[in-house]
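Trainee: Output the structure for:
(one chain, ligands or ions: 3)
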Amino acid sequence: MMSCFVTGTDTGVGKTLSSCALLHALAEYHARVVGMKPVASGAEADGQGGWANEDSLALRAASTLRVDPAWDNPVLLPDPVSPHIAAQRANVRVTLAPILAAYGELRRQADAIVVEGAGGWQVPLSPDLRISDLAMALQLPVVLVVGLRLGCINHALLTADAIRASGLPLAGWIASRIDPGMREPEANMAYLRQHMGAPLLADIAWQARPDARTVSVQLPREWQ
Ligand SMILES: Nc1ncnc2c1ncn2[C@@H]1O[C@H](COP(=O)(O)OP(=O)(O)OP(=O)(O)O)[C@@H](O)[C@H]1O
Ligand SMILES: C[C@H](N)[C@H](N)CCCCCC(=O)O
Ligand SMILES: [Mg+2]
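Mentor: Ligands and ions are numbered 1, 2, ... in the order given. All right, here's what the predicted structure looks like:
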C-alpha cells in the first residue's frame, strides 16, 4: 500500500491536475488506485440528482477503484470558500475522526491512495483544525504542488519548511506552469530545483486544455 498527501503553494495552483497525474502514474504499478478529497468546499449538481465537488469528480475519473462517495469525499460543503467558512455556513463541524475512518476504509480497498488537500498547507478546516493537522494525523509523505507564477518561490520555500517542521517527509514537488505569461520561468525553476530539498516529480507545461494523462511523472522508487 502506498499513499501520499498533495498540498500546494495556494489554491488554484494545479493540485487536482497533479493528483490525477499521480493517480495515472501509480496505475502503471498498482491495480487499485483511488483519489481522496477529504474536505471539499464547493458542490455542483452531479447530473444524477445529487451533488459533487469538481475535484472529487476529476479524481474519480483518474482512479481505477470506484468507492462510495462517503469514503473518497467524507466532507462535502456547498460553498466554494475556505473550508472553515463553508463549514460554519453549513452548520458542520469538521473533525478528524470521520475523515480518518473514511481513509481507513480506502486503505482496506486500495493499493495506492492520493489524498488531495484543500488550498495550501495552513488552510483552516475549523477554528482549531488545519489541513496540516489532517496530513499529520494521516502520517503521509507530502507532495507539494508549486503553481509557477511571480511570488511562487517564497510560497514554495515557506511551505516546504512548514512541511518539514511538521515532521512529515516532503517526498517531492511538482511544478505546474499555470501562467503562460510568466517571465523567466526557467530561472525560477532553476532556483526551485536547487533549493526545494526534494525531488521534482513532474514539470507540467502550461496547457490550454489541461490533461493529466499527458503529464510525465517520475514516481519515487518506493512508490512503484
Ligand atoms: N499546467 C497548467 N496549465 C494550464 N492550466 C492549468 C495548469 N495547472 C492547473 N491549471 C488550471 O488551473 C486551475 C486550477 O487548477 P487545479 O484545479 O488543479 O488547482 P487546485 O490547486 O487543485 O485548487 P483547489 O485548491 O481549488 O483544489 C484549473 O482550471 C486548472 O485546469
Ligand atoms: C474553494 C477553493 N476551490 C478551495 N477548495 C478552498 C481554498 C481555501 C483558501 C483559503 C485561504 O488560504 O485563504
Ligand atoms: Mg483541487
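
Trainee: Every contact and neighbour count from this point should use C-alpha atoms.
Mentor: Fine.

Trainee: List the strands paired with the lengthiest strand in the chain, with their directions.
Mentor: If you go by DSSP state E, the chain has its longest strand at strand 112-120. Strand 112-120 sits in its sheet next to strand 2-8 (parallel), strand 33-36 (parallel), going by DSSP bridges.

Trainee: do you know which of those lies nearest ligand 1?
Mentor: strand 2-8 (6.1 Å; CA to the nearest ligand atom).

Trainee: Can you name the element that comes right after the closest one?
Mentor: For strand 2-8, the following helix or strand on the C-terminal side (DSSP states H and E) is helix 15-26.

Trainee: Is that following helix in proximity to ligand 2?
Mentor: No. Helix 15-26 is not in contact with ligand 2 by CA under 6 Å from any ligand atom; minimum separation 10.1 Å.

Trainee: Show the average pLDDT along that helix.
Mentor: Confidence over helix 15-26 (mean pLDDT, whole number) is 99.

Trainee: Near ligand 2, which residues of the protein? Just list them.
Mentor: Residues of the chain lying near ligand 2 (CA under 6 Å from any ligand atom): T11, A40, S41, G42, P80, V81, S82, A118, G119, V123.

Trainee: would you list the residues you listed in JSON lines and tack on distance to P69 and neighbour count?
Mentor: JSON lines is the format used below for the residues of the chain next to ligand 2 (distance: CA to CA, whole Å; neighbours: other CA atoms under 10 Å):
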{"residue": "T11", "distance to P69": "23", "neighbour count": "16"}
{"residue": "A40", "distance to P69": "12", "neighbour count": "30"}
{"residue": "S41", "distance to P69": "15", "neighbour count": "24"}
{"residue": "G42", "distance to P69": "15", "neighbour count": "19"}
{"residue": "P80", "distance to P69": "19", "neighbour count": "14"}
{"residue": "V81", "distance to P69": "21", "neighbour count": "14"}
{"residue": "S82", "distance to P69": "21", "neighbour count": "18"}
{"residue": "A118", "distance to P69": "17", "neighbour count": "28"}
{"residue": "G119", "distance to P69": "21", "neighbour count": "21"}
{"residue": "V123", "distance to P69": "23", "neighbour count": "19"}
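
Trainee: Those: which ones sit near ligand 1?
Mentor: For ligand 1, the contacts drawn from the residues of the chain next to ligand 2 by CA under 6 Å from any ligand atom are T11, A118, G119.

Trainee: which bits of this protein sit near ligand 1?
Mentor: Counting by CA under 6 Å from any ligand atom, the chain comes close to ligand 1 at 11-17, 118-119, 176-178, 204-208, 210.

Trainee: from those residues, which would you call buried?
Mentor: 11, 13-17, 118-119, 176-178, 204-205 (16 or more other CA atoms under 10 Å).

Trainee: and the two most separated of these?
Mentor: Across these, no pair lies farther apart than A118 and A205, at 22.3 Å, counting by CA to CA.

Trainee: which secondary structure elements does the lowest-mean-pLDDT helix or strand in the chain contact?
Mentor: The weakest-scoring helix or strand in the chain, judged by mean pLDDT, DSSP states H and E, is strand 44-45 (a mean of 92). Contact here means 3 or more CA pairs under 8 Å, 6 or more residues apart in numbering; DSSP states H and E; on that basis strand 44-45 packs against strand 51-52.
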